[in-house]
Every structure is written in structure tokens, then in C-alpha cells.
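Undergrad: coords please:
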Amino acid sequence: MIEGVSLSNIRNRYEIKVIDKMKQILPQYPDFDGCSLCIEDVYSLSLSRMPAVYTHRGSVILHRTLTEKDIEEVVHYAIMKVMMQPKHG
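TA: Numbering: from 1, shown residues only. Below is the predicted model of the structure:
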């Protein structure tokens with residue numbers, strides 16, 4: 001809270017879209033180990049490759065929105081990157 005204002009309603013609008021795409025796409029990669037570290041890496045890498053678009057209820061977005069295909073391509077890229085270079089043994 002800042003001066004009585006909660007900032008908890010402000011979110012990157014792609015967070016939920018990336019999670020939904022990951023749920024759809026990860027089963028296509030049977031060799032993906034699925035540990036929490038790798039899942040978190042795919043999530044964070046995917047979001048870091050997209051423009052940060054933070055919104056709150058009632059806000060108006062005035063810029064190019066990524067398509068579902070754009071998001072899907074980023075998630076595929078992140079999965080392959082994490083599979084090739086996992087941060088654990």
C-alpha cells in the first residue's frame with residue numbers, strides 16, 4: 001500500500017495468457033522434466049521476451065497487442081531454451 005492505495009490489482013496482461021499457453025503446449029514436450037524451477041524459468045523467460053503491459057481494471061490499452069500465435073511462439077522458444085540449458089543437474 002502506498003498512501004492507502006493498493007497496487008495488487010495491477011498485473012502484466014500477458015501473465016495469464018502465458019500460463020494458459022504453457023498448459024496447452026508443455027504436454028507436447030514429453031522430455032521436459034516439469035520441475036518447479038524449469039516451469040518457473042519457462043514462465044519468466046516467456047514474459048521477459050514480451051513487452052510489459054501492466055493494466056488495472058478500467059484501463060485502456062493503446063498499443064499493439066500480441067496475438068495468440070505470437071504468445072505461442074514465445075512459449076515454444078522458452079521451453080526449448082530451458083530444455084537445452086536447465087539450471088539444475
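Undergrad: next, count neighbours for Lys17.
TA: Neighbour count for Lys17, taken as other Cβ atoms under 10 Å: 19. Every C-beta, even on glycine, is put in place using the N, C-alpha and C of the backbone.
Undergrad: in terms of helices and strands, where is it?
TA: Using DSSP states H and E, Lys17 sits within helix 15-25.
Undergrad: any idea how far that helix is from the chain center?
TA: 7 Å (Cα atoms, centre = their mean, to the nearest Å).
Undergrad: in stretch 1-18, which residues are buried?
TA: By 16 or more other Cβ atoms under 10 Å, the buried positions in stretch 1-18 come out as Arg13, Tyr14, Lys17, Val18.
Undergrad: the residue nearest to Val18 when sequence neighbours are not counted and Tyr29: what is the separation?
TA: Nearest non-adjacent residue to Val18, counting by Cβ to Cβ, 6 or more residues apart in numbering: Ser46, 4.8 Å away. The gap separating Ser46 from Tyr29 is 14 Å, by Cβ to Cβ, to the nearest Å.
Undergrad: who's more crowded, these two?
TA: Ser46 (26 against 15).
Undergrad: make sure that one is indeed in a strand.
TA: No. Judged by DSSP: H, G, I helix; E, B strand; the rest coil, Ser46 forms no part of a strand; its state is helix.
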